[in-house]
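Asks: Quick one: sequence and predicted model below, then my questions.
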Amino acid sequence: MFRLHYPCDVGRIDLLAKHKRDGRWLVIELKRGQSTDQTVGQLLRYIGWVKQHLANKDETVTGLIICRETDKALQYALAAVPNVKVELYEVEFRLRPANALG
């Protein structure tokens, strides 16, 4: 299962995924720019909600923050939370001439 913008009573989960066979859930929080330790609190709120409302007792719920860059506050917060990871994204654009129709 994979859901985009999953609504819950504590906000809106950007991406929510459940493994097809294993009892594993993944809560993904997307940030456009730099992410701070406040993002960890937001993600933990969503993880707690999924544990209470969707996951069975034997299923695991982990979190992933996807952002452009991090700060030290986020890195320290992540060091204390083993079930949350962060991945950085990069964007590269190239322009090329469009072919004229005709």
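Replies: Ah, there it is.
Asks: Find the centremost residue of the protein, please.
Replies: Nearest to the mean C-alpha position of the chain, by Cα atoms, centre = their mean, lies residue 28 at 1.8 Å.
Asks: Which helix or strand contains residue 26?
Replies: In this assignment (DSSP states H and E), residue 26 forms part of strand 24-30.
Asks: Report the mean confidence score over that strand.
Replies: Averaging pLDDT along strand 24-30 gives 97.
Asks: Contacts only, for residue 14.
Replies: By Cβ atoms under 8 Å, 6 or more residues apart in numbering, the contact set of residue 14 is 4-5, 28-30. C-beta coordinates here come from the backbone N, C-alpha and C atoms, glycine included.
Asks: Which two among those residues are spaced furthest apart?
Replies: Greatest spatial distance in the contacts of residue 14: 4 and 29, 12.7 Å, computed using Cβ to Cβ.
Asks: For the protein, which segments count as strands?
Replies: For the chain, the strands defined by DSSP state E occupy 2-8, 11-18, 24-30, 34-35, 60-67, 69-70, 84-88.
Asks: who wins for proximity to residue 45 among these?
Replies: Closest to residue 45 of those is strand 11-18 (Cβ to Cβ; 6.9 Å).
Asks: Of the contacts of residue 14, grab the buried ones for ChimeraX.
Replies: Buried residues within the contacts of residue 14, by 16 or more other Cβ atoms under 10 Å, are selected in ChimeraX with:
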select :28,29
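Asks: can you list the contacts of residue 14 in JSON lines and add distance to residue 97?
Replies: Shown next, in JSON lines, are the contacts of residue 14 (distance: Cβ to Cβ, whole Å):
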{"residue": "4", "distance to residue 97": "34"}
{"residue": "5", "distance to residue 97": "36"}
{"residue": "28", "distance to residue 97": "36"}
{"residue": "29", "distance to residue 97": "38"}
{"residue": "30", "distance to residue 97": "32"}
